[in-house]
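1. Output the structure for:
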Amino acid sequence: MAGGKSETPVSLSDRELQIIDLVATGLTNQEIAGKLEISKRTVDNHISNILTKTETENRVALVRWALRWGKVCLNDVNCCLLPNQIE
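-> Prediction:
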């Protein structure tokens, strides 16, 4: 759905969640590729798959979706301990 209004839970891989987190910080696909030491094409593919799974149309809608579903934490917004952050 446009704007990331899907009410259906979405299953995302750890890598997809990692990429969403990096998108939310404002990195470009090229910057994400460099940070993760993968090709830009791989990042492009991941983002395309993520947009399809989350039913979002663009990066802004994806970040809004991620905030809504508790997948990212930005500037103390939505900052509960996520399962992979628990020590």
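2. Give me the helix or strand of the protein that scores worst on average pLDDT.
-> Within the chain, judged by mean pLDDT, DSSP states H and E, the helix or strand with the poorest mean is helix 59-68; its value is a mean of 93.
3. list the helices and strands that helix packs on?
-> Using 3 or more C-beta pairs under 8 Å, 6 or more residues apart in numbering; DSSP states H and E as the contact definition, the elements that helix 59-68 packs against are helix 14-24, helix 40-54. (Each C-beta comes from the backbone N, C-alpha and C, glycine too.)
4. possible to save these as JSON lines with mean neighbour count and mean pLDDT?
-> What follows is the helices and strands packed on helix 59-68, written out as JSON lines (neighbours: other C-beta atoms under 10 Å; pLDDT from 0 to 100):
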{"stretch": "helix 14-24", "mean neighbour count": "18", "mean pLDDT": "96"}
{"stretch": "helix 40-54", "mean neighbour count": "16", "mean pLDDT": "97"}
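5. Now tabulate those in CSV and tack on distance to Arg68.
-> Written out in CSV, the entries for the helices and strands packed on helix 59-68 read as follows (distance: least, C-beta to C-beta, whole Å):
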stretch, distance to Arg68
helix 14-24, 12
helix 40-54, 10
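6. Spatially nearest residue to the spatially most central residue of the chain, not counting backbone neighbours?
-> What sits nearest the mean C-alpha location of the chain, by C-alpha atoms, centre = their mean, is Ile20, with 1.7 Å. If the residues on either side of it in the chain are set aside, Ile20 comes closest to Ala66, at 5.1 Å by C-beta to C-beta, 6 or more residues apart in numbering.
7. Thanks again, I'm all set now.
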